[in-house]
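*Asks:* sequence unknown, structure follows:
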């Protein structure tokens, strides 16, 4: 089921963008990327994390409790796997958006879109331990609601000067100069201050820090939870 989602969500984005931009120029690839990183990617990740946790809970964490490898390492392996899910999905989006943009016209730079594969993957890793925790502690409904709140908050805060304080705004901000798309989906015109590429490296570094912090907190919490 989780493997199906890797293809299903990008396919939904491709179909949605095609319908919404039908007859428009320089809009298809822009729409694909915007819908993907603002809504569909976080949604896919939330569902995948929930299914991953449910798989373990059905067996009462039998695999984690019986194998000789430490629970922290096994859970870290799950986080790495989910990171690979993000990477593969981003690659699918890149191929589909680039091909569609080539056929239908686009203003998204091909080089910037290629860099986006890694930039978006790295800047979204922080969400994995958070969503695993929410799935385990509160269930899917709460997890999805919080995920939606973070996504909407990111769209609102990303264009402001406070984007680096709000973790979900970081990927939306650093993708502006790479894709030439604003967080609201509108094309960024030349001269727009949001096209400053100087935010990309600091944003990626901040995302890595957030990811490390969230992972440490989650693994420590999981250890204590399983020890009870």
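*Replies:* Sure thing, it's come through. All values reported here derive from a predicted model rather than from experimental measurement.
*Asks:* helices along this structure, start to end?
*Replies:* Using DSSP state H, the helices of the chain run over residues 2-20, 28-35, 41-58, 62-66, 71-104, 110-124, 127-137, 140-157, 169-174, 176-179, 200-227.
*Asks:* mean pLDDT lowest for which of the ones you listed?
*Replies:* If you rank the helices of the chain by mean pLDDT, helix 62-66 sits at the bottom with a mean of 58.
*Asks:* tell me which of the helices of the chain lies nearest to residue 191.
*Replies:* Nearest to residue 191 among these is helix 176-179; the distance by C-beta to C-beta comes to 12.3 Å. Backbone N, C-alpha and C define where each C-beta goes, glycine included.
*Asks:* mind giving me the packing neighbours of the closest one?
*Replies:* helix 110-124 (3 or more C-beta pairs under 8 Å, 6 or more residues apart in numbering; DSSP states H and E).
*Asks:* just the buried positions in the helix it packs on, please.
*Replies:* For helix 110-124, burial by neighbour count (16 or more other C-beta atoms under 10 Å) applies to 112-113, 115-117, 119-124.
*Asks:* quick one: contacts of it?
*Replies:* The contact list for helix 110-124 (C-beta atoms under 8 Å, 6 or more residues apart in numbering) reads 29, 33, 37, 41-42, 45, 83, 86-87, 90-91, 94, 97-98, 170-171, 174-175, 177-180, 200, 203-204, 207-208, 211.
*Asks:* now that helix and helix 41-58, what's the angle there?
*Replies:* 40 degrees (axes from the mean of the first three to the mean of the last three C-alpha atoms, to 10 degrees).
*Asks:* now do helix 110-124 against helix 200-227, angle only.
*Replies:* 30 degrees.
*Asks:* and helix 110-124, how far out from the chain middle?
*Replies:* Distance, stretch centre to chain centre, for helix 110-124: 11 Å (C-alpha atoms, centre = their mean, to the nearest Å).
*Asks:* going forward, the N-terminal residue is numbered 7.
*Replies:* OK, 7 is where the count begins now, so the last one is helix 116-130.
*Asks:* before we move on, back to that, how about the buried residues of helix 116-130 in CSV, adding distance to residue 77?
*Replies:* Output for those, formatted as CSV (distance: C-beta to C-beta, whole Å):
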residue, distance to residue 77
118, 40
119, 39
121, 36
122, 34
123, 31
125, 31
126, 30
127, 26
128, 26
129, 28
130, 25
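*Asks:* about what we covered before: now, of the contacts of helix 116-130, which are buried?
*Replies:* The buried subset of these - by 16+ other C-beta under 10 Å - is 35, 39, 43, 47-48, 51, 89, 92-93, 96-97, 100, 103-104, 176-177, 180-181, 183-186, 206, 209-210, 213, 217.
*Asks:* select, out of the helices of the chain, the one closest to residue 191.
*Replies:* Of the helices of the chain, the one closest to residue 191 (C-beta to C-beta) turns out to be helix 34-41, at 4.1 Å.
*Asks:* the closest one: how far from the chain's middle?
*Replies:* The answer for helix 34-41 is 15 Å, by C-alpha atoms, centre = their mean.
*Asks:* with stretch 167-174 instead?
*Replies:* Its chain's average C-alpha position is 16 Å from that of stretch 167-174, according to C-alpha atoms, centre = their mean.
*Asks:* now stretch 104-122
*Replies:* With C-alpha atoms, centre = their mean, you get 19 Å for stretch 104-122.
*Asks:* okay, how far is it across it, tip to tip?
*Replies:* Stretch 104-122 has an end-to-end distance of 12 Å (criterion: C-alpha to C-alpha, to the nearest Å).
*Asks:* that concludes my questions; thank you for your assistance.
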